[in-house]
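Colleague: Below: sequence and its predicted model.
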Protein chains: 2
Amino acid sequence: MIKVAIIGVGTVGSSVANILKKNAKIIEARSGKKIVPVIGVVKNLNKKRDVDIELTDDINEVLDRDDIDIYIELMGGVENAYNVVKKILKKGKTVITANKALLAYHRYELQQEARVLDTSIGIEASVAGGIPVVKALREGLSANQILAIKGIINGTCNFILSKMMNEKANFKHTLEEAQKLGYAEADPTFDVGGFDTAHKLLILASIAYGVDAKPEDILIEGIENISPEDIYFANDFEYNIKLLGIAKKIGKKVELRVHPALVPKDKMLAKVDGVMNGVSIVGDSVGETMYYGAGAGGDATASAVIADIIDIVREDKSSPMLGYIYSPDKEKLTLMPQKDIETKYYVRVKVKDEIGVLAKISKLLQEHKISVDSFLQKPEIKENDYTTLFFSTHTCKESDIQKALEKIANLEFMLEKPMIIRIED
Amino acid sequence: MIKVAIIGVGTVGSSVANILKKNAKIIEARSGKKIVPVIGVVKNLNKKRDVDIELTDDINEVLDRDDIDIYIELMGGVENAYNVVKKILKKGKTVITANKALLAYHRYELQQEARVLDTSIGIEASVAGGIPVVKALREGLSANQILAIKGIINGTCNFILSKMMNEKANFKHTLEEAQKLGYAEADPTFDVGGFDTAHKLLILASIAYGVDAKPEDILIEGIENISPEDIYFANDFEYNIKLLGIAKKIGKKVELRVHPALVPKDKMLAKVDGVMNGVSIVGDSVGETMYYGAGAGGDATASAVIADIIDIVREDKSSPMLGYIYSPDKEKLTLMPQKDIETKYYVRVKVKDEIGVLAKISKLLQEHKISVDSFLQKPEIKENDYTTLFFSTHTCKESDIQKALEKIANLEFMLEKPMIIRIED
């Protein structure tokens, strides 16, 4: 019998306990052992919970027990969780965690600790909820050099963007709706600002490339500035707008970035709608594969937690292979500086409607080696004496376009800072 | 060092050898050992091959060698391959196979053999090429009762159906085009008749349900009878037509069936276009997940073969866990008889354009407890005195609709046998 302790019995923790009971028979058949949740740690014992296991508010008592085989860390937060996970590993016990913030900051250190102590960390639930994308990347595609990962890995953002696209609605209004429906937090910054996506991207990029970076090191842009005009342009040019976490290997460098992107409507990733998640992974042998499913929710996330439990029990040893983030090229791959990233851009500028505007903008673009791919000005998008221009570029360098846009922003006829959305096709 | 022998060095076999060399460094980092293809078995030594390993036409000499750790069976066919795989297992060696026909007939027997002899069979490459769907089903979703699997797992059929939908073309013409492009065989029966899909479905169903069935036991219908009128109806009612392999658990029974199906255009599965494959798996905890990618091709299939090699080498033991098709409910789940399958149907009937036709058909349907959901008769689909009627039904029993259609077929105003397509929404 494998005894499991659940630290943090909220939505996911309750689901873990309940599914371990509900599907006990198949889980035993698949793992070869009975797996029993024996104790849950909560902050508030008085809160009513839909779960049928013993609860305690004394975490240290649970950490000190010797009969627990596997700990599930679902407490959230970074520093507290870090101390708890470290303590469990030091006991030589297995940890399974859904805590992407913890892993975004401490994944290599915790992995190293687990390896030294001959135990393991399961991390499947930390990215894309129930979709087994960590396993796909680490094991299913292990024959491949990973060329690119592009993930829609934040359901809140995808819900908002899908709704904005379908209903041509504005961001503020759609966010409020998402909040009413429980798809967005009261303070939505972590989701809509792209930070949650960044945490998950760093985990996937570590598996694929062994590149060590913190959220602060990478380009992160949220979806707050997407306007109905952008939606209009996107529709006109057959794109959907998606918040993507992107990892790409370019030579010995790895690009990591999070930002809204225009994705051609006929790409599978563009078809991932509403709160769902989708991760596209391109390997040098397999080509493009995509993984789709619920990226959040108690039962879906618990599905990933329990898959990790079963894997560990099946192996029948405290194996550093599970949750082991391998990095064959770790010494050699480094983070691509943000300024060197190359991609295509869509740019929206609001300008005074006067002669010579286009010429001046074009000249500045040309001076910065930026070549325009398509251009749009629609008379219907016009208010008073101002008009909105849209253009998209061929592939150019992030630093070049930023410099050009800075100069464009200073032109006398500009109404506001130019807005960019990168294009991923 | 792990020595690999490749039996059958065609497209996939060459890719396996070439990728093992090209990606040797990362494969060694990921598996912990050097993996070296040392010998390939071919029928014709004179044929030029794009591969840089020693070749022989003496299979017995290779089977008798004691220094081979892993055999890759890519020879195809059922009986010959069966004898070869059995011989390898009897030596206590590992086999990795992409041979779905072999597994459709002998998978339980070979699994049992491997378990008794404490060795393993890797089968990832046998379903959906490079998509790690066997791993997702067996390991990634191991916390779940699998409620349903619906797979687009034959690229030839999906290419033809996608083209028919997009271009409103007829089957015969599109098949010829597919043949010209190399997407369909000279004798296309195995693909377009649904048999290839059935083989793969049986493998997936064995992993999910442990149900033992042979291709002859299940409902298999191909795509040969899909007409431009069906495409017309599908478009009108917002469906795509897909050849699906379907496994569903209904109580203690498992439905297994292969047939063209109308899938609502907004489902992810409906969006899998061209030669690509997609498998939707619904678990009781995770909800719907989908796996998408190239279902065929040398490199993509080799990606799956090598993932199996790496998994086996990582485990560092001849483990029956890999390629082990577990069946927790094996004793209890049995195949649902075809007549008891319940679904929705679309029916196309070509009739003489005269008064009373609709009344007579409706009466027969009613007598067989079949309730009509929607009905379509478009004046533009009319030739001479004949007209085509389309209707879709609410959920009803396969045996009921077959009986009703048999009677309808005998009505004096019928021009041809009614055509059905099942609806999966």
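Modeller: Everything's here; your move. Residues are numbered from 1 along each chain as shown, chains lettered A, B, ... in the order given.
Colleague: Run through the bridge partners of A:Ser392.
Modeller: On the basis of DSSP bridges, A:Ser392 is bridged to A:Tyr346, A:Ser374.
Colleague: tell me the contacts of it?
Modeller: A:Phe237, A:Leu262, A:Lys344, A:Tyr345, A:Tyr346, A:Val347, A:Val372, A:Asp373, A:Ser374, A:Phe375, A:Ile423 (CB atoms under 8 Å, 6 or more residues apart in numbering or on different chains). All C-beta atoms are positioned from the backbone trio N, CA, C, and that covers glycine.
Colleague: Quick check: most distant residue from the centroid of chain A.
Modeller: A:Ile355 (44.1 Å; CA atoms, centre = their mean).
Colleague: What separation do you get for it and B:Ile281?
Modeller: 60 Å (CB to CB, to the nearest Å).
Colleague: what secondary structure does A:Asn46 sit in?
Modeller: With DSSP: H, G, I helix; E, B strand; the rest coil as the basis, A:Asn46 sits in coil.
Colleague: any idea how far chain B is from the spatially most central residue of chain A?
Modeller: Taking CA atoms, centre = their mean, the centroid of chain A lies closest to A:Thr197, which sits 2.8 Å from it. Taking CB to the nearest CB, to the nearest Å as the measure, A:Thr197 falls 20 Å from chain B.
Colleague: before we move on, what about A:Asn384?
Modeller: Taken as CB to the nearest CB, the span from A:Asn384 to chain B is 40 Å.
Colleague: what's the neighbour count on that residue?
Modeller: Counted with other CB atoms under 10 Å in any protein chain shown, the neighbours of A:Asn384 add up to 7.
Colleague: Repeat that for A:Arg314.
Modeller: Other residues within reach of A:Arg314, judged by other CB under 10 Å, total 21.
Colleague: what angle sits between the host helix or strand of it and helix B:298-315?
Modeller: In the assignment (DSSP states H and E), A:Arg314 maps to helix A:298-315. Here the directions of helix A:298-315 and helix B:298-315 differ by 60 degrees (axes from the mean of the first three to the mean of the last three CA atoms, to 10 degrees).
Colleague: which other helices and strands contact the next helix-or-strand element following helix A:298-315?
Modeller: Sequence order places strand A:334-335 as the next helix or strand after helix A:298-315, per DSSP H and E. Packing partners of strand A:334-335 (3 or more CB pairs under 8 Å, 6 or more residues apart in numbering or on different chains; DSSP states H and E): strand A:253-264.
Colleague: how far is the strand it packs on from where the chain is centred?
Modeller: 11 Å (CA atoms, centre = their mean, to the nearest Å).
Colleague: Starting from it, tell me which strands it pairs with and how they run.
Modeller: In the sheet, strand A:253-264 lines up with strand A:219-220 (parallel), strand A:239-250 (antiparallel), strand A:334-335 (parallel), strand A:419-423 (parallel) (DSSP bridges).
Colleague: Quick check: next helix or strand after that strand?
Modeller: strand A:276-283.
Colleague: tally of neighbours for A:Lys242?
Modeller: Neighbour number of A:Lys242 under other CB under 10 Å is 26.
Colleague: roughly how far apart are it and A:Gly151?
Modeller: As for A:Lys242, its distance to A:Gly151 is 10 Å (criterion: CB to CB).
Colleague: Would you mind naming what in the stretch 151-300 of chain A lies close to chain B?
Modeller: A:266, A:268, A:271-273, A:283-294, A:297, A:299-300 (CB under 8 Å from any CB of the partner chain).
Colleague: just the buried members of these?
Modeller: Buried members of these, scored by 16 or more other CB atoms under 10 Å in any protein chain shown, are A:268, A:271-273, A:283-294, A:297, A:299-300.
Colleague: Report the contact partners of A:Val4.
Modeller: A:Val16, A:Leu20, A:Ile35, A:Val36, A:Pro37, A:Val38, A:Ile68, A:Asp69, A:Ile70, A:Tyr71, A:Ile72, A:Ile309.
Colleague: Excluding covalently adjacent residues, which one is nearest to the third one?
Modeller: The shortest distance from A:Ile35 to any residue other than its chain neighbours is 4.7 Å, reached at A:Ile2 (CB to CB, 6 or more residues apart in numbering or on different chains).
Colleague: That neighbour: neighbour count?
Modeller: 21.
Colleague: now the one 3 residues further on
Modeller: Counted with other CB under 10 Å, the neighbours of A:Ala5 add up to 24.
Colleague: Name the helix or strand for it, please.
Modeller: A:Ala5 is part of strand A:2-7 when elements are defined by DSSP H and E.
Colleague: And the next helix or strand past that strand?
Modeller: Using DSSP H and E, the helix or strand that follows strand A:2-7 towards the C-terminus is helix A:11-22.
Colleague: From the rest of the structure, what touches that following helix?
Modeller: Identification of contacts with helix A:11-22 by CB under 8 Å, 6+ apart yields A:4, A:6-7, A:9, A:27, A:35-37, A:40, A:49-53, A:72, A:74, A:98, A:125, A:297-299, A:301-303, A:305-306, B:143, B:285.
Colleague: per the record, what domains does chain A have?
Modeller: For chain A, automatic domain parsing gives the domain ranges A:2-122+A:298-315, A:138-294, A:338-423.
Colleague: B:Ala359: which of these is closest?
Modeller: Among the domains of chain A, domain A:138-294 comes nearest to B:Ala359, with 42.2 Å by CB to CB.
Colleague: Quick one: end-to-end length of the closest one, please.
Modeller: End-to-end distance of domain A:138-294 (CA to CA, to the nearest Å): 20 Å.
Colleague: chain center to that domain: distance?
Modeller: 7 Å.
Colleague: and what of stretch A:284-299?
Modeller: For stretch A:284-299, the separation from the chain centroid amounts to 12 Å (computed by CA atoms, centre = their mean).
Colleague: a markdown table please, covering the strands paired with strand A:253-264 and showing distance to B:Lys248 and mean pLDDT.
Modeller: As requested, these are exported to a markdown table (distance: least, CB to CB, whole Å; pLDDT from 0 to 100):
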| stretch | distance to B:Lys248 | mean pLDDT |
| --- | --- | --- |
| strand A:219-220 | 43 | 95 |
| strand A:239-250 | 32 | 95 |
| strand A:334-335 | 47 | 80 |
| strand A:419-423 | 41 | 94 |
